[in-house]
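Student: Here is the input, now give the coordinates:
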Amino acid sequence: MTQHPDFRSTAAVMFRDELLDKGWPDDSEVAMLAGKAPGPEAATYAIQERAGGALLGVWSEPRHCFVYPDFQFLQSGAIRKEIAALLAVLPRDDDLDGWRRAFWLYSPHALLDERTPADVFPDAPMRVIKVAQVEFRGDPEATW
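Tutor: Below you'll find the predicted structure:
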């Protein structure tokens, strides 16, 4: 299993800040990337996708909004269809702000040759999903 820092530790705060420095898009930027016309529907697009389990958002205290890790998007701006399957495997318990899942996604993993799941996912989403199943469910075939 991947070891993560205590979420209140200095190391965790530094890691979170490093990830936030990536400039991930917020709700309105996700809607714009997806080609949604400005308006009420665009304003809720990312919120609905996050609530439905098709998109991971993490709370950005400095921006006072959720932002969305960029590995989840195709170059066209569309959400990768495999994201929902990955998020269904990752534990959501006590992770309302999304950071426990983000820390796992952006930490090197032995089963991915010390690459991060977020780096591997765009080219091999099923490989990352299987690694998540091994780590969090103990059986890579549990949902197949």
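Student: Compute the number of surrounding residues for Phe15.
Tutor: 19 (other Cβ atoms under 10 Å). Where you see a C-beta, it was placed from the backbone N, CA and C, and this is true even at glycine.
Student: Now it: which helix or strand?
Tutor: helix 10-20 (DSSP states H and E).
Student: Send me that helix as CSV with only the CA atoms.
Tutor: In CSV, the C-alpha atoms belonging to helix 10-20 read as follows (Å, rounded to 0.1, in the frame of the first residue of the first chain):
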residue,chain,number,x,y,z
THR,A,10,3.6,19.9,7.5
ALA,A,11,4.5,17.5,4.7
ALA,A,12,0.9,17.0,3.7
VAL,A,13,0.3,20.8,3.7
MET,A,14,3.3,21.3,1.5
PHE,A,15,2.2,18.4,-0.8
ARG,A,16,-1.3,19.9,-1.1
ASP,A,17,0.1,23.3,-1.9
GLU,A,18,2.4,21.8,-4.5
LEU,A,19,-0.6,20.2,-6.1
LEU,A,20,-2.7,23.4,-6.0
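Student: Find the centremost residue of the chain, please.
Tutor: Relative to the mean C-alpha position of the chain, the nearest C-alpha, by Cα atoms, centre = their mean, is the one of Leu56, at 4.2 Å.
Student: Look at that one and tell me its secondary structure.
Tutor: coil (DSSP: H, G, I helix; E, B strand; the rest coil).
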